[in-house]
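[1] Just the structure for this:
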Amino acid sequence: MNSKYNLAQVTKLLEKLFEAGFNTEKKILMMKMEDLGRINNLQSNETLIIIELKKAIKDKELIAFLSGTKTKNDKQRKGDEVC
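    Numbering: from 1, shown residues only. Below you'll find the model as predicted:
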């Protein structure tokens, strides 16, 4: 996805994840669709943020995710041209 989320949205979502018990990278990576029901007041756009967050954790690009920057690896993985 090419979305850039604002830090306030991500922070709000992280608070919800922590409250639901997803307070480590391992727990977030192991989340399943059924687990979304454990998160209070989850908005539809926050589901997309969770997907991107999991990808960033897996790819060890958490700071790039939080800052909204793209990396060469993201572009290559998506099949985009890299200059």
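[2] and stretch 14-23, which residues are buried?
    For stretch 14-23, a neighbour-count test (16 or more other CB atoms under 10 Å) marks 14, 16-17, 20, 22 as buried. Bear in mind the C-beta positions are built from the backbone N, C-alpha and C, glycine included.
[3] any chance you could map the helices in this structure?
    Counting by DSSP state H, the chain has helices at residues 7-19, 25-29, 44-58, 62-67, 72-77.
[4] Could you tell me the least trusted of these?
    When those are compared by mean pLDDT, helix 72-77 comes last with a mean of 51.
[5] which residues does the spatially most central residue of the chain contact?
    Geometric centre of the chain, nearest residue: residue 53, 1.4 Å, by CA atoms, centre = their mean. Contacts for residue 53 (CB atoms under 8 Å, 6 or more residues apart in numbering) come out as 10, 13, 28, 65.
[6] Of these, which count as buried by neighbour count?
    Among the contacts of residue 53, those buried by neighbour count (16+ other CB under 10 Å) are 10, 13, 28, 65.
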